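# with the input below, show me the fold.
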Amino acid sequence: MPYSVIFTNSIFTTETRGQLLISKSGNFETYKRVLKRFSITRLRNFPITKCLLCLRVSVVNWILFCVALPVVAASAAQPLQKGEDIQVEPGLTGNYGGTLVVGQRSEPKTLNPVLAADAPSREVIGRINADLIHINRYTQKTEPALASSWKMSSDGRTFTLKLRRGLRFSDGQPFDADDVVFTFQVYLDEKVHSTQRDLLVIGGRPMTVTKVDAHTVRFELPQPYAAAERIFDSLAILPRHLLQSAYEQGKFAEVWNLNTPPSQIAGLGPFRVKQYVAGQRIVLERNPYYWKADSNKQRLPYLDEMAFIFAGNEDAQVMRFEARETDIINRFGPDNYSVLAKEQQDRDYQIQDLGPSLEFNFLVFNLNDVPADKFPDLVREQAWFRDLKFRQAVSAAIDRQAIVRLAYRGHGAALWGNESPADKLWVDQSLPHPERSLDHARELLKSAGFSWNSDGKLIDNQQKPVEFSIITGSSNAPRVKMATLIADDLSQLGITVHVVPLEFRAVVDRVFQSNNYEACIIGLGGADADPNPQMNVWLSNGGTHIWNLHEIHPATAWEAEVDGLMNQQMVTVNYKQRRRIYDRVQQLLAENLPVIFLATPDVLVGAKNNVGNFRPAVLDPYALWNADELYLRRQALASAR
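Below you'll find the predicted structure:
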């Protein structure tokens, strides 16, 4: 597609519209790199070099036109109030002011924290909301958040949480125990379909939440919870005054979409929504009532604003970082890591490889019960997908080491199970790691009734050629490469695979909503090292039971066993006993292959050297977990002005 080129205050890349917008603040070499990356050799009828030289001579003589971003005064942090139970961060210092710009490959799907399942949504939502007890992503230990303290009963079944007094939501309305009770009512409501509900149902029974007084809440658990207070991490507390009416009317799924006016969205996180421009950006501004302060008792966050710019793909995300249009780069791939790492000393930024993440990427076949009249081809293909020997053959044919070498450029690790080697407390080291074997794959296919025609194509017992498509997010270059490598691997078995890259939101919709796909490469995990956040994946009725999202009861005996084991480990307090239980879960998953585990990427992050308090971690969201502490050094602020 030919690109039109627009010079503006920021680089925006919208491939679907065929536009490339370039910053007037970049330099000559930046323009050349950007344009050549998109194979643009002429602007209208001007060669690149002539246009760029023209631009250097006179920045006011625009080649096309300029789009100016509005400048609006930032919300000022409110002075600390008497009786306000602020959390002071010892030793923390920084400077006020400025806008931190982050490039996202994909646009968020929602701003509703109860329903969000995709990483772009969670990355934004996490900056505008807060939880009762929080896992520090750097230390991986729990720490007080909206609850200033808590007590657990001797039998491990009751948590009594003391809430901070004097706190307000980002719209200025007070926070108290009623908001907490309302929040958990929503999370536990089966009709809402919260992705977190499975964590709150223990031994088949939901926890109960009781208001003791305006600032005390009691949680009663049916059984002791093995991960203790970690259960409260990432459960965003909702504003009852804004959402109760929609909830009672059965319209909760409609609230806080991307088009909701900012005035109707409020949270307890460091920022609040200021502006959303479809296809371009979402801008957050300082929450003036945020409940944390630095060592000088200055209210956080330091930043006036955070802007998430939707780059459209990873290359555009990286180019914006190279051009100094963004301050932090998160979730980028190994190809670009190599380029950025070579230039970091000369370009005033830092790039870090933190080692393997806790994310697991996998190939999943669609095993949902779909209507035959609507998806006749898929229903026929599901006879293959449901055959364990077929899935085992596919797994045996995949060269995982090649995926690590070529898709991740060595910045990753191969997987044969759901736990990353980074999770040393929980990964089952005894799981076999078989080498790739096409001969074994062929034997499995023969034993399952498949054969080959005269052209070498694999056919089933109905003489139908084995052919299917793999969808994956177009903005995730390593996953697209994985799909391409797998297509090549399977072609050596006579299987025809079509790789279909889609915009990530379309992938999420097909997998979780319409079920209109044959196979998909996607990733999960990363929020915590503990097994419990994976409850909603491995329980048969879990909200992210991705290969079959419509199970009410276990479809197979091994899934029933996994259900029992996951519920058992959830309430087993002794680590060694719990570890044995969870090892068995990993063995069942490896043996039955509901999904085919592929690889985990290293956590690759980067930031300009002028970003203060930058402390990336291997737990999601990697570079942005302490957004309330990040600041721009004064030299950077002066340059921006």
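# so residue 433 touches residue 414, yeah?
Yes. Counting by C-beta atoms under 8 Å, residue 414 is a contact partner of residue 433 at 7.3 Å. For every residue, glycine as well, the C-beta is placed using N, CA and C.
# which residues touch residue 259?
residue 276 (C-beta atoms under 8 Å, 6 or more residues apart in numbering).
# for the remainder of this discussion, apply numbering that starts at 408.
Shifting the count to begin at 408 puts that one at residue 666.
# gap between it and residue 689?
From residue 666 over to residue 689 the distance is 11 Å, taken as C-beta to C-beta, to the nearest Å.
# so which of residue 840 and residue 821 has more stuff around it?
Neighbour totals were compared for residue 840 and residue 821, and residue 821 leads with 19 against 12 (other C-beta atoms under 10 Å).
# now the closest residue to residue 671 other than its chain neighbours: which helix or strand?
Nearest non-adjacent residue to residue 671, counting by C-beta to C-beta, 6 or more residues apart in numbering: residue 649, 6.5 Å away. Using DSSP states H and E, residue 649 sits within helix 647-655.
# now the longest helix seen in the chain: buried residues?
Ranked by residue count and defined by DSSP state H, the top helix of the chain is helix 982-999. Neighbour counts over helix 982-999 (16 or more other C-beta atoms under 10 Å) mark 985-986, 988-997, 999 as buried.
# what is that helix packed up against?
Packing partners of helix 982-999 (3 or more C-beta pairs under 8 Å, 6 or more residues apart in numbering; DSSP states H and E): helix 964-977.
# so for the helix it packs on, mean pLDDT?
In this model, helix 964-977 carries a mean pLDDT of 94.
# and that helix, how far from the chain's centre?
When distances are taken as C-alpha atoms, centre = their mean, to the nearest Å, helix 964-977 is centred 26 Å away from the chain's centroid.
# tell me which stretches of the stretch 608-757 of the chain form helices.
Secondary structure of the stretch 608-757 of the chain by DSSP state H, counting those that start in this stretch: the helices cover 647-655, 721-729, 741-754.
# could you list the low-pLDDT ranges of this protein?
Where the chain drops to pLDDT under 70, the residues are 408-481, 1042-1048.
# dead centre of it: give me the residue that sits there.
residue 526 (2.1 Å; C-alpha atoms, centre = their mean).
# can you give me phi and psi for that one?
phi -60, psi -40 (degrees, to the nearest 10).
# just checking, it touches residue 1027?
Yes. If you go by C-beta under 8 Å, residue 526 and residue 1027 touch, sitting 7.4 Å apart.
# just to revisit the earlier point, CA atoms of the helix holding residue 649 as CSV?
Extracted in CSV, the C-alpha atoms of helix 647-655 (Å, rounded to 0.1, in the frame of the first residue of the first chain):
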residue,chain,number,x,y,z
ARG,A,647,-20.0,2.4,43.6
HIS,A,648,-21.4,5.9,43.0
LEU,A,649,-20.6,5.6,39.2
LEU,A,650,-21.3,2.0,38.5
GLN,A,651,-24.0,0.7,40.8
SER,A,652,-26.9,1.8,38.7
ALA,A,653,-25.6,0.2,35.5
TYR,A,654,-24.9,-3.0,37.4
GLU,A,655,-28.4,-3.2,38.9
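# in it, what's buried?
647, 648, 649, 650, 651, 654.
# you'd agree the last one is up against residue 590?
So that's residue 654. No. Contact criterion C-beta under 8 Å: residue 654 and residue 590 do not qualify, at 10.4 Å.
# paired strands for the top strand by length along the chain, with orientation please.
In the chain, taking DSSP state E as the definition, the longest strand is strand 1003-1015. Counting by DSSP bridges, the strands paired with strand 1003-1015 are strand 735-737 (antiparallel), strand 756-763 (antiparallel), strand 766-772 (antiparallel), strand 819-821 (antiparallel).
# endpoints of stretch 600-614, how far apart?
Stretch 600-614 has an end-to-end distance of 16 Å (C-alpha to C-alpha, to the nearest Å).
# can you list the buried residues in it?
601, 602, 603, 604, 605, 606, 607, 608, 609, 613, 614.
# in strands, which of these fall?
Per DSSP E, the buried residues of stretch 600-614 map to strands at 608, 609, 613.
# so what pairs up with the last one in the strands?
Counting by DSSP bridges, residue 613 forms beta bridges with residue 608.
# wait, isn't it in contact with residue 596?
No. Residue 613 is beyond contact range of residue 596, at 9.7 Å (criterion: C-beta under 8 Å).
# okay, the strands paired with strand 1003-1015 in TSV with distance to residue 747 next?
Below are those laid out as TSV (distance: least, C-beta to C-beta, whole Å):
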stretch	distance to residue 747
strand 735-737	8
strand 756-763	5
strand 766-772	20
strand 819-821	17
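# minimum distance to residue 830: which of those has it?
strand 756-763 (8.8 Å; C-beta to C-beta).
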